[in-house]
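>>> Could you work out the structure for the sequence below:
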Amino acid sequence: MSIGIIDVGIGNIGSLRGALYSQGWDAEIITKAVDMAHVTHLFLPGVGSFAVAMRRLHAAGLVDPIRQHAAKGAPIMGICLGMQLLADRGVEGGVSEGLGLIPGDVIKFDVASLLRLPHVGWNEFHPKAEHILLKGVRPGADFYFVHSYFFDARRETDIVGTTNYGFSYPSFVMNGSVVGVQFHPEKSQRNGLQLLDNFCLWDGAC
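Predicted coordinates:
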């Protein structure tokens, strides 16, 4: 088993790497396609703009390798912006094509219905479906969020769980061996660490 974290300058990967290390997992940093040759489990973290992030993935030559990793049924976890990049397209920074691994679009919260943007802080996660990655995670657990856009999943069957911020939106999505979480598990204490641990032990089977 080999765990990789994609780093193309779209987020601070230190906290994720540290959280994994605290659970007994060593993670390699992936900056180019050749680094992915032996990786079995792949993390795609990120913060910032959808359009900028996709440009950096293309510039690093990582878009096709990520898609190929998914096509093999190998596990991928997108975190925060990384989750959003799994979608078909996003509108932040201009309409951009995403990785197309989970059907849906990434759109901005309706600020008229919310107290403030970005949505920052602890909020409850509500499971809608069973998933092996939720083993040992307390239902209704709080996770840590920072975002202004959300993943509008095209298929209800891809939504593992939701969070409410003015309305209920998908905060955990999946398609086969590809999963995405809008929150930051690496910053979410025991339940977040449990989720990371479950992912690293997962073979990608539904």
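
>>> Please count neighbours and contacts with C-alpha atoms only from this point.
Will do.

>>> Mind giving me the packing neighbours of the lengthiest helix in the chain?
As assigned by DSSP state H, the longest helix anywhere in the chain is helix 189-201. If you count contacts as 3 or more Cα pairs under 8 Å, 6 or more residues apart in numbering; DSSP states H and E, helix 189-201 packs onto helix 14-22.

>>> let's see it at 6 Å
Packing contacts for helix 189-201, counted by 3 or more Cα pairs under 6 Å, 6 or more residues apart in numbering; DSSP states H and E, involve no helix or strand.

>>> and the longest strand for the protein?
Counting by DSSP state E, the longest strand found in the chain is strand 168-175.

>>> sorry, back to before: output the longest helix of the chain as PDB, restricted to C-alpha atoms.
Taking Å, rounded to 0.1, in the frame of the first residue of the first chain, the C-alpha atoms of helix 189-201 are listed here in PDB:
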ATOM      1  CA  GLN A 189     -10.400  15.600  15.600                       C
ATOM      2  CA  ARG A 190     -11.400  12.000  16.300                       C
ATOM      3  CA  ASN A 191     -14.100  11.500  13.700                       C
ATOM      4  CA  GLY A 192     -12.000  13.100  11.000                       C
ATOM      5  CA  LEU A 193      -9.000  10.900  11.900                       C
ATOM      6  CA  GLN A 194     -11.300   7.900  11.800                       C
ATOM      7  CA  LEU A 195     -12.400   8.800   8.300                       C
ATOM      8  CA  LEU A 196      -8.800   9.100   7.100                       C
ATOM      9  CA  ASP A 197      -7.900   5.800   8.700                       C
ATOM     10  CA  ASN A 198     -10.900   4.100   7.000                       C
ATOM     11  CA  PHE A 199      -9.900   5.500   3.700                       C
ATOM     12  CA  CYS A 200      -6.300   4.200   4.000                       C
ATOM     13  CA  LEU A 201      -7.600   0.700   4.800                       C
END
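
>>> Give me the buried stretch members for it, please.
Going by neighbour count (16 or more other Cα atoms under 10 Å), the buried part of helix 189-201 is 190-200.

>>> Over to stretch 67-82?
69-70, 74-82.

>>> Next step: those restricted to helices.
When DSSP H is applied, the buried residues of stretch 67-82 are split such that 69-70, 81-82 fall in helices.

>>> In those residues, find the pair that's most separated.
Using Cα to Cα, those reach their maximum pairwise distance at His69 and Leu81, which is 18.9 Å.

>>> returning to what we had before: quick one: strands adjacent to the longest strand of the chain?
With DSSP bridges as the test, strand 168-175 is paired with strand 159-164 (antiparallel), strand 178-181 (antiparallel).
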